[in-house]
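Student: any chance you could fold what I've pasted below:
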Amino acid sequence: MAEKQSQSLEFSKNLEAHETPIDGLVWYDLPVHGDRRGWFKENWQRERMLDAGMLDFGPVQNNVSFNAEAGVTRGLHAEPWDKFVSIGHGRIFGAWCDLREGSATYGKVFTLEMDPSRAIFVPRGVANGFQALENNTVYMYLVNDHWSPEADYAFVNLADPELHIDWPISLDQATMSDKDKSHPPLKSVTPLKPKKVMITGANGQLGRALRELYPDADYVGRDGLDISDETTLQTARRWRDYGIIVNAAAYTAVDTAETPEGRREAWATNARAVGNLARIATEYGITLVHVSSDYVFDGTVSPHTEGEPFSPLGVYAQSKAAGDIAAATAPRHYIARTSWVVGNGNNFVKTMAGLADRGIKPSVVDDQIGRLTFASTLAAGIKHLIDSRAAYGTYNITNSGDAVSWAEIARTAYDSKGQSPDDVTPVHTAAYYAGKDGIAPRPLQSTMSLEKIEATGFKPTDWRDELKTYLDSLIG
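Tutor: Below you'll find the predicted structure:
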């Protein structure tokens, strides 16, 4: 028998991936090398699997199911973790059904006969079952989480006619557990909910914009969860229940960061807290989204690209650059680099509109150049990266359009309020801050290249169009 099997496996020479009708369920041909002694294969080889398109799913445990007789049938079970299934000996008929709440392929079924030359990646929430086709079949699977009685599971009855599974050995002749026989039909299944989303900085401009796109997420502010405290953070949540953390928290008092107290606060929030989140994300396989700033650059290059080396000028800028470095240590990370954010809250445009209403004629710098980023655009860009499964890394996200100065934006705000744009006096940065103490250096060029984010299919709107809409909302 062993010689026959080794000869049949001799033909598997290359690692090949095969898509299925179920989103994320992918099966593989594994190279198996056999001779009269038996056979050898690399059952899991991380680099080759990644090259074949598999996500780095981070297995933490290897399980083996020994099935003494042909006809042993198990399933269909959906667990809150991913698994990589392969065969050590014998053959199986495998069956999978999507039980993920909200999945585009919910209820779809896929079947496949497997021997040691095949393996399959089963995403979280896809129910898994199999039938041994030979005696002494060894069924193995890697998982990226440990079993927990507190976790949520989903099940579907493997005999449900709605699944249309043609089991090779009739189920009335199969060996099954009473528990598996009692699972509900598909129409009565309680689907497995997706992993949770956590958003820090809940009360900031971006946090408020993200509420529109992630209404069911867990939102936390510093009063609810101090992410700079590693001990508190580790025990604050059951992190295995989370799939995404969006870190919208930041210390943004640029000038106060130059003071002793401000310096400590800036580094605690913008650097140490990000490192804490990155460690959580790494340990539990969470996607970390971190929001970066144009201040990580000194403003001598325009436009800024994602690969530009850091050159921060002040304490705030340095702490943000350190946060970017920390975030990038998480295997699954997006760094959304942005500038000049405007949203629901205090911001430059709202301040200028208020000054116009009071008839104040301000001086505004005209040599700091960039584009506005509306919080709704930034939130939409972040969601796009996640939903489209874009390659992990750093992406610039601002609104599109021409690059202008703060003075030009202020003039536009005054005009919208029926005041003369000439009420705004343009002034260079050096003159504006002359004689003032405790002022942090500002980058003069904040314009960012949008080529990388646009290549993913996300097209930011023109900042002038968004500004008009925003200013109209402030009228009255």
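Student: the closest residue to residue 268 other than its chain neighbours: neighbouring residues, count only.
Tutor: Counting by Cβ to Cβ, 6 or more residues apart in numbering, residue 268 lies nearest to residue 228, which is 4.3 Å off, once chain neighbours are set aside. All C-beta atoms are positioned from the backbone trio N, CA, C, and that covers glycine. Using other Cβ atoms under 10 Å, residue 228 has 22 neighbouring residues.
Student: now residue 124: how far from residue 58?
Tutor: The gap separating residue 124 from residue 58 is 12 Å, by Cβ to Cβ, to the nearest Å.
Student: the residue nearest to residue 268: which element?
Tutor: Taking DSSP states H and E as the definition, one finds residue 228 inside no helix or strand.
Student: and it, what is it in contact with?
Tutor: Each residue near residue 228 by Cβ atoms under 8 Å, 6 or more residues apart in numbering is listed here: 268-269, 272-273, 276.
Student: what residues of stretch 324-344 count as buried?
Tutor: 324, 326-328, 330-344 (16 or more other Cβ atoms under 10 Å).
Student: in helices only, show me these.
Tutor: 324, 326-327 (DSSP state H).
Student: from these, which is closest to residue 178?
Tutor: Comparing these against residue 178 with Cβ to Cβ places residue 327 closest, at 48.9 Å.
Student: what residues are bridge-paired with the closest residue to that closest one other than its chain neighbours?
Tutor: Closest residue to residue 327 apart from its sequence neighbours, by Cβ to Cβ, 6+ apart: residue 290 at 3.8 Å. Residues in a beta bridge with residue 290, per DSSP bridges, are residue 247, residue 335.
Student: and residue 290, how many neighbours?
Tutor: Counted with other Cβ under 10 Å, residue 290 comes out at 29.
Student: equivalent analysis for the one 4 residues further on, please.
Tutor: By other Cβ under 10 Å, 24 other residues sit near residue 294.
Student: cool, residue 435 as well?
Tutor: Neighbours around residue 435, by other Cβ under 10 Å: 6.
Student: so how far is residue 201 from it?
Tutor: 34 Å.
Student: cool, residue 185 as well?
Tutor: 44 Å.
Student: how about residue 147, nearest residue that isn't a chain neighbour?
Tutor: Closest to residue 147 by Cβ to Cβ, 6+ apart is residue 79, at 8.0 Å.
Student: check contacts around that neighbour.
Tutor: By Cβ under 8 Å, 6+ apart, the residues touching residue 79 are 124, 128, 143, 145, 147, 151, 153.
Student: just the ones of these in strands?
Tutor: For these, the ones inside strands are 128, 143, with DSSP state E as the criterion.
Student: list the contacts of the residue nearest to residue 61 when sequence neighbours are not counted.
Tutor: Nearest residue to residue 61, sequence neighbours excluded (Cβ to Cβ, 6+ apart): residue 143, at 5.2 Å. Residue 143 sits next to 59-61, 63, 79, 81-83 when contact means Cβ under 8 Å, 6+ apart.
Student: related to what we said a few turns ago, who's more crowded, residue 185 and residue 201?
Tutor: residue 201 (22 against 13).
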